[in-house]
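J.: Attaching a predicted model along with its sequence, questions to come.
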Protein chains: 2
Amino acid sequence: MTKLVRTQGVTAPLGFRAAGIAAGIKASGNPDLALVFSEGPEYSAAGVFTRNKVKAAPVLWSQQVLTGGHLRAVILNSGGANACTGPGGFQDTHATAEELAKALSNWGTDTGAGEIAVCSTGLIGDRLPMDKLLPAVTEIVHEMGGGLGGGTDAAYAIMTTDTVPKQAAYHHRDKWNVGGMAKGAGMLAPSLATMLVVLTADVVATPEQLDRALRNATARTFDRLDVDGSCSTNDTVLLLANGASAVAPSQEELDAAVLAVCDDLAAQLMADAEGVTKRVLVTVSGAANEDEALIGARTVARDSLVKTALFGSDPNWGRVLAAVGMAPITLEPDRISVSFNGSPVCVDGTGAPGAREVDLSGADIHVLIELGVGEGTATIRTTDLSHGYVEENSAYSS
Amino acid sequence: MTKLVRTQGVTAPLGFRAAGIAAGIKASGNPDLALVFSEGPEYSAAGVFTRNKVKAAPVLWSQQVLTGGHLRAVILNSGGANACTGPGGFQDTHATAEELAKALSNWGTDTGAGEIAVCSTGLIGDRLPMDKLLPAVTEIVHEMGGGLGGGTDAAYAIMTTDTVPKQAAYHHRDKWNVGGMAKGAGMLAPSLATMLVVLTADVVATPEQLDRALRNATARTFDRLDVDGSCSTNDTVLLLANGASAVAPSQEELDAAVLAVCDDLAAQLMADAEGVTKRVLVTVSGAANEDEALIGARTVARDSLVKTALFGSDPNWGRVLAAVGMAPITLEPDRISVSFNGSPVCVDGTGAPGAREVDLSGADIHVLIELGVGEGTATIRTTDLSHGYVEENSAYSS
C-alpha cells in the first residue's frame, strides 16, 4: 500500500546512509553537521536554489556541481551560513567537499569533490570555524549508518531556530521510496527561503526526470509557503536517486511521490515557523488565471496588517480587501467575497451580517477570497505575525 | 524670511478657516469631524489618491469632484473609513457633501456639493452613523474660525491611532504661505497609505500648477514613506489655493514650498507610526538609476527580518544583503557595501571588522547601501518592526 509517514526521512529509501553530529560550530554544542550518502548504484540528482542574487558560497558551489546531474553525497552544516564571506568563504566550501571526498575514499568509496553538494545555514557574514569543521567531516563518515536513525540524526543536525526536526517518507506499493528532511523556521518565502531540503529516492531515474519532478513539486509547495516575504542567501532543495530498488516509475508516479513528500515537509515548515501561533491558508479563487490567483494570495499572505489581525484572532476582513486591492491583478471591487473558515465576512465587496463575530480563536485559519472574474485558483501557506516572531528575530545574531 | 514651522497648519495661509469637533462617531467621544474651508477669492485645487483598487466611497467621491480642479471645502471624519460599504456608503458620502453645501449656503456662502471633497479614516467595512454625522456638519460650520486654533482643532479631529497631531506651515519671505495637516500612523506605504493630508495655500495658482506641485512633492515624500508595505483604501492628499495673498509664485517656488511642507509632514508621520521605536532611513546609492535605487531601498525597508533586527538594535547586516539581493535591480553582490550610521559593516559583499559591535541603540538609524553599479540614489523612510506594532495592530477592530 502506498503511504506517507513522518517517522522516517532521507534513509527511508534503500541504499542511503546519513548521520548527524556535533562538530562544535554551534556555541550551544548541539548537533550541527549532517551527511547524506548514496550507495548507488546510480547517482542521478537535481537541485533548486535560491533566487536571491546574493548567494552563499555553498550555493555557488552546489549549483556548479549539479550541472553534471550527479551526486554521491551532501554535507550540511548549521551554525553558520557561509554567506557574504568572499573568496575565502568559497574556499572553505571547496575544502569541505575535498575533505569529505578524501574521507569517503579512505572509507572505501571512490568519491570526488565534484560529486558532493554542500549546504550551510545560520548567521550570514561570518566565516565557518574550519579548524572544527574539517576534523568533523572525517568523524561523520565513520558515524553514518544505513538505518532510520541516521536520517533522524541528520534531520536534527540541520536545525537552527527550528523546534522540531522535519522528515517525511513516501512508500510506494511497488516497493520504491522517496524520503526527505527539511529545516527552516524563518525567512520562508516565495523562493525557498532559509530552507534546506534533501530528498532521496531509490528509483531508477535520469537527472532530467528528477529535475522535472523537483521543479514541479517546489513550485507547488515550498514556493507557496510565505512566512515573511524574505528569502535567504542559502536556500537549497536537492533530490538524489540511486536506483537501489531497480524500479523505474513513470514520470507521473515520480512527480506525485516527490510532490507528496515536499507538500508534507512544507506543512511541517509552516507549523514550526518562527513565533507562529496560527497556521494560515490564503486561497484566491475566481481569478483571471492561476498566476493572478497566486499573486493575489501572496499579496494578502504578506500583508503585515492582515497577519497581525489574525494573531489577534480578529476577523478584520477590511484589511483583506485593502491587501488584495494592492495586488497587480484583474479585480472588480464590487465582486470580491471573503470568508474565514467558511463563514462569509464580505459579500460583493461589502460586509456580511455577523462578520465581526466570526470566531478565529483556533490555531488554523483559512482565508478564502473569491474574485469572481475567472477560474484561477491558488493557495499560499502562511502564518500570523506575532510577538514571538518579533522576539525571535530581534535577538537572533546578538 | 522664509521659514517652516510646526505650530501652524491649514489656517496658516490667509483666507482659510477650519474647525474640529466631536460628532460622536468615535465611541471614545474624542474629536472626529474636521472642516477646512477656503474663503477665496479663488478655489483652485488638486488631489492625489490611493492606488489601491479597493477605494473607499469618499475617495470615489473626491476624485470625481476634483476633475473640475475646484474646491471650496474639505470635510473629514475619523472613526470610520466608509470603505467596502457598497452603494449605501457612497450615498452617505454624497449626503455629507450636500449637507455641508446647505450649511455653508445658509451661513452665507453659496456652495455646491460638487465643490466639496470628503475624506474618511478608521475601520473598513462599517457604515458611518449618519444620524450623528449630519447634525454635526451644521454644527462644525458654526464652529469654524479663521485663527490658528481652528487649524489645530482640525488636525486633532482627524487623528486615529496617531498620538500627536501633525501640522506644518511654510512662510515665504514674499508674504505667501502654504500650510498643511496630516494623519496616519499605520498602513503607511508606497501609495500614501492610511493617510489623509490637506494642504492650503494663499497663492494665485491654476489647478494645473497645483497638480504639478502636489505630484512632485508626494512622489518624493509620502510615496517614500513605507512603514509596513500596506496601502489603505482611503489615502488622500489635497491641495487648495485661494489666491488670498494676491501673489503668484513661480512654479519652482510653489514646488519648493509644497515639497517642504510635505517633507516635514512625512517626517512627522514616520516619527509617530504605530509602535515605532526607531526612525529608519534606508538609502541605496550607486544604483543603475534613481528608479532602481528606490526599488532597492523599498525592498530593504519592507523586509521583516531587517526591521525586527533594527528593533533589537542588532547590526545584522547580512539581512540587509539578503533583502537587497531579492530586489529586481542590477547588482553585483561583490560590490555591495553597507554602513549603519556611518560605520561600515560590509565592504565589497563581505563583513567589515567590528561590524557586529556597531551601536544601534539610539532612536535614529541610517542604513546606507552602496551598490557600485551606477549613479542612482534614493531614500525610503521607515521604522522598526516592534512589539508595539504587533500589539496595536492585533487589537484594532476588536
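T.: Alright, I've got the coordinates. Residues are numbered from 1 along each chain as shown, chains lettered A, B, ... in the order given.
J.: Spatially, what comes nearest to the one residue sitting closest to the centre of chain A if we skip its sequence neighbours?
T.: Most central in chain A under C-alpha atoms, centre = their mean is A:Met195, positioned 4.5 Å from the mean C-alpha point. Closest residue to A:Met195 apart from its sequence neighbours, by C-beta to C-beta, 6 or more residues apart in numbering or on different chains: A:Gly184 at 3.7 Å. Every C-beta, even on glycine, is put in place using the N, C-alpha and C of the backbone.
J.: so the one you found touches A:Pro165, yeah?
T.: No: A:Gly184 is beyond contact range of A:Pro165, at 11.5 Å (criterion: C-beta atoms under 8 Å).
J.: neighbour-wise, which of the two wins?
T.: Each of A:Gly184 and A:Pro165 has its neighbours counted (other C-beta atoms under 10 Å in any protein chain shown); A:Gly184 has more, 32 against 23.
J.: Tell me the pLDDT of the more buried one.
T.: At A:Gly184, the model reports a pLDDT of 80.
J.: Not counting its neighbours along the chain, what's nearest A:Ile329?
T.: A:Glu292 (4.1 Å).
J.: residues near the residue in the stretch 101-250 of chain A positioned nearest to chain B, how many?
T.: Nearest residue of the stretch 101-250 of chain A to chain B (C-beta to the nearest C-beta) works out as A:Ile124 at 2.5 Å. A:Ile124 sits with 26 neighbouring residues when counted by other C-beta under 10 Å.
J.: go on, the one 4 residues further on?
T.: The burial metric for A:Leu128, expressed as a neighbour count using other C-beta under 10 Å, is 25.
J.: can you confirm it is in a helix?
T.: No: with DSSP: H, G, I helix; E, B strand; the rest coil as the criterion, A:Leu128 is located in coil rather than a helix.
J.: which residue sits closest to it, ignoring its sequence neighbours?
T.: Nearest-residue entry for A:Leu128: A:Gly80, 4.8 Å, with adjacent residues in sequence omitted and distances by C-beta to C-beta, 6+ apart.
J.: before we move on, the earlier item: was I right to think the residue of the stretch 101-250 of chain A closest to chain B contacts B:Val320?
T.: No: using C-beta under 8 Å, A:Ile124 is not in contact with B:Val320; the gap is 9.3 Å.
J.: Pretty sure the residue nearest to A:Ile329 sits against A:Thr330.
T.: Yes: with contact defined as C-beta under 8 Å, A:Glu292 counts as touching A:Thr330 (6.3 Å).
J.: tell me, what's touching these two both at once?
T.: Between them, A:Glu292 and A:Thr330 share these contacting residues under C-beta atoms under 8 Å, 6 or more residues apart in numbering or on different chains: A:Gly374.
J.: give me the element the residue of chain A most remote from its centre is part of.
T.: Going by C-alpha atoms, centre = their mean, the residue of chain A most distant from its centre is A:Pro353, 39.8 Å out. A:Pro353 belongs to no helix or strand when assigned by DSSP states H and E.
J.: so what pLDDT did it get?
T.: Predicted confidence (pLDDT) for A:Pro353: 91.
J.: same thing with A:Gly146?
T.: Note for A:Gly146: predicted pLDDT of 61.
J.: again with A:Leu269
T.: At A:Leu269, the model reports a pLDDT of 85.
J.: The one 4 residues further on too?
T.: Looking at A:Ala273, its pLDDT reads 76.
J.: And for the one 4 residues further on?
T.: Each residue has a pLDDT score; the one for A:Thr277 is 87.
J.: per-residue pLDDT, the spatially closest residue to it that is not a sequence neighbour?
T.: With sequence-adjacent residues excluded and distances taken as C-beta to C-beta, 6+ apart, A:Thr277 is closest to A:Ser386, at 5.0 Å. A:Ser386 is assigned a pLDDT of 82 by the prediction.
J.: which residues sit in contact with A:Ser386?
T.: Going by C-beta under 8 Å, 6+ apart, A:Ser386 touches A:275-278, A:311, B:390.
J.: Understood, closing this out.
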